[in-house]
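Trainee: predicted model follows, preceded by the sequence.
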Amino acid sequence: MEILTTKEEDYSVLVETLYLISIPGVKDSILQEKNFPLEVFSKDLDW
């Protein structure tokens, strides 16, 4: 038997990631957007 220890915050992030990629289309959308250039986004928000 192997045991892995991790911080609660890291575990929560892992669980959230697994949940998000389980939703159809979300994984592909995330992978597409990660290559989007940050320069296109405005630093000023209109809201």
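Mentor: Good, I have the coordinates.
Trainee: helices of this protein, residue ranges please.
Mentor: 8-22, 26-33 (DSSP state H).
Trainee: any idea which of these gets closest to residue 44?
Mentor: helix 26-33 (20.6 Å; C-beta to C-beta). In this view, the C-beta of every residue, glycine as well, is placed from N, C-alpha and C.
Trainee: the closest one to helix 8-22, inter-axis angle?
Mentor: 100 degrees (axes from the mean of the first three to the mean of the last three C-alpha atoms, to 10 degrees).
Trainee: now helix 26-33, how far from the chain's geometric center?
Mentor: 9 Å (C-alpha atoms, centre = their mean, to the nearest Å).
Trainee: do the same with stretch 38-47
Mentor: That offset, for stretch 38-47, works out to 20 Å (C-alpha atoms, centre = their mean).
Trainee: next: stretch 19-29.
Mentor: 10 Å.
Trainee: with mean neighbour count, mean pLDDT and distance to residue 39 added, can I get the helices of the chain in a markdown table?
Mentor: Rendered in a markdown table, the data for these read as follows (neighbours: other C-beta atoms under 10 Å; pLDDT from 0 to 100; distance: least, C-beta to C-beta, whole Å):
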| stretch | mean neighbour count | mean pLDDT | distance to residue 39 |
| --- | --- | --- | --- |
| helix 8-22 | 10 | 94 | 26 |
| helix 26-33 | 11 | 87 | 14 |
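Trainee: mind putting those helices into JSON lines with distance to residue 45?
Mentor: As requested, the helices of the chain are exported to JSON lines (distance: least, C-beta to C-beta, whole Å):
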{"stretch": "helix 8-22", "distance to residue 45": "24"}
{"stretch": "helix 26-33", "distance to residue 45": "18"}
